[in-house]
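> Got a predicted model here, sequence first, then my questions.
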Amino acid sequence: MLHVLHVDRSELFRKIMRELVVRYGYSITSVATQAEAISIVAERPVDLVITALELDDGTAESLIRTLTKDLHKNIPTIIVTSSDSLELREKFFSLGVMDYILKSELDEEKLRRYFEAFSAEDELSRYIRKLRFAVLDDSQLILKIVSHILFMNGIGNVKLYTTASELFSTQELFDVYILDIVLPDMSGEQVVHRVRTHHKDAIIISMSRFSGEKSLTTILMAGADDYIHKPFDAAELMSRVRINARAFQMRKRLEYLAVTDGLTGLFNHRHSFERLEKEIHRSKRYGHPLSVLLMDIDDFKRVNDEYGHRAGDRVLQAMGHKIQSLIRASDIAGRYGGEEFLVILPETVLENAVKAAEKIREAISAKHLDGIPKLITTSIGVTQYKMGESAETLVNRADALLYRAKMNGKNRVEFGT
């Protein structure tokens, strides 16, 4: 939850701000003095500071400088005041504040937009803090500067390298590479190309003292996502990281959506079949067993007819969640079509696949779903891969066993080879 620190010597305005912040579901600490504010920041995480210009024991300027220099905290800050001038705005924007707002112009809608925007940025910050960073530069000073900037922004998973050979000898893959393009043992173009070849999804930010058009074009053509010119400050580096991380995050989300069934959260039909073909290839190559389950919700049409399609959607969602919760991390579950689900079990012989199917069947029929008086049951066909057969043949055999389970009374598992 977003936590706001509000600093203002006006008790009335602290009360107004507290009501607004709480209304949006965030938590807030309200204080009147700089000393109290510094104490709060030292004791607990604060996501956003909203402060007046003049405080009982200091000013917004002294508060911001103390937070950044003494506590090494880079907390987004908004100035809310009754005083205004171009000089004041220039001074505080140079200190890095997010905005400078007059109390007379502050309304609920404006504050809501700030919180929504900040929440989105806060989500991106949390995402960035989880990424793995590699920084390559032959200058110890540059490594120290970059690592300090990343650390100040809450990024702790950072590895530093002075040579390209040292970076590549680790065999470790990172999410973000910040790479100098002038190195003693390998050209920047070669480093970028090699990183891109082995890690197509990585973020690559190149840096150099040279800003010639040819060198920039060459390094971008080699596979870099962005370029930063030395010397740079913290704001410039982090803006590059954030812009590229946002694109990286959106690309990952789109990739996830492309292979996922939107209703159940399982893989969609196309991706399920592609994964099955890959597992068959592995089974052929290494001679390891592979089994599949094909399951269908019993009397699903009656659920839709009697309780409505929204109830049917809830049943499909519940099935997806239940299946995912009962299989191993190495197993692959997908919505194969309508109310049918395919579960791929690598390294699994038929006997163990039948046990897995019975476990799923029993769990699904064990309780009622909210708003649906009848029990939901499933019929399952289970079979094991035969060496040399196609994915289509394997699924067809599981489908035939599923049909037999339906004919033999439903809510049962049928298996065979």
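Nice, thanks for sending it over.

> longest helix of the protein?
If you go by DSSP state H, the chain has its longest helix at helix 234-259.

> Centre of the chain to it, how far?
In terms of Cα atoms, centre = their mean, to the nearest Å, the centre of helix 234-259 is found 10 Å from the chain centre.

> tell me what that helix is packed against?
Packing partners of helix 234-259 (3 or more Cβ pairs under 8 Å, 6 or more residues apart in numbering; DSSP states H and E): helix 108-129, helix 140-152, strand 176-180, strand 203-208, strand 226-229, helix 269-286. To be clear about C-beta, it is placed using only N, CA and C from the backbone, and glycine gets the same treatment.

> what's the domain layout of this protein?
Residue ranges for the domains of the chain, per automatic domain parsing: 3-115, 133-258, 269-416.

> start to end distance for the second one?
This stretch, domain 133-258, spans 27 Å end to end (Cα to Cα, to the nearest Å).

> can you tell me how far the most centrally placed residue in the chain sits from Ile178?
With distances taken as Cα atoms, centre = their mean, the residue of the chain nearest its centroid is Tyr127 (5.6 Å). Counting by Cβ to Cβ, to the nearest Å, the gap from Tyr127 to Ile178 is 17 Å.

> what does Ser27 give?
35 Å.

> repeat for Asp225
Using Cβ to Cβ, one gets 11 Å for the distance from Asp225 to Ile178.

> what residues are shared contacts of these two?
Residues touching both Asp225 and Ile178 (Cβ atoms under 8 Å, 6 or more residues apart in numbering) are Ile205.

> ok, the two, which is more surrounded?
Higher neighbour count among Asp225 and Ile178: Ile178, with 27 against 19, using other Cβ atoms under 10 Å.

> Show me which residues of stretch 234-249 are buried.
234, 237-238, 240-242, 244-245, 248 (16 or more other Cβ atoms under 10 Å).

> my bad, should have said stretch 270-284
271-273, 275-276, 279-280, 283.

> can you tell me which two in those residues are farthest apart?
Greatest spatial distance among the buried residues of stretch 270-284 (Cβ to Cβ): His271 and Ser283, at 18.5 Å.

> what residue ranges in the stretch 301-417 of the chain score low on pLDDT?
Per-residue confidence for the stretch 301-417 of the chain (pLDDT under 70) gives these ranges: 370-371, 373.

> So which residues of it form strands?
Using DSSP state E, counting those that start in this stretch, the strands found in the stretch 301-417 of the chain span residues 332-337, 340-346, 378-384, 413-416.

> Tell me which of the ones you listed is the most buried.
Of all these, strand 378-384 has the most neighbours on average by mean count of other Cβ atoms under 10 Å, namely a mean of 26.

> so how far is that one off the chain centroid?
34 Å.

> cool, stretch 162-171 as well?
Once both centres are worked out by Cα atoms, centre = their mean, stretch 162-171 turns out to sit 28 Å from its chain's centre.

> and that stretch, average pLDDT?
Mean pLDDT, stretch 162-171: 92.

> returning to that earlier point: for the nearest residue to the residue nearest to the centre of the chain once chain neighbours are set aside, give its distance to Gly154.
Spatial nearest neighbour of Tyr127, excluding adjacent residues (Cβ to Cβ, 6 or more residues apart in numbering): Gln249 at 5.6 Å. Distance, Gln249 to Gly154, using Cβ to Cβ: 16 Å.
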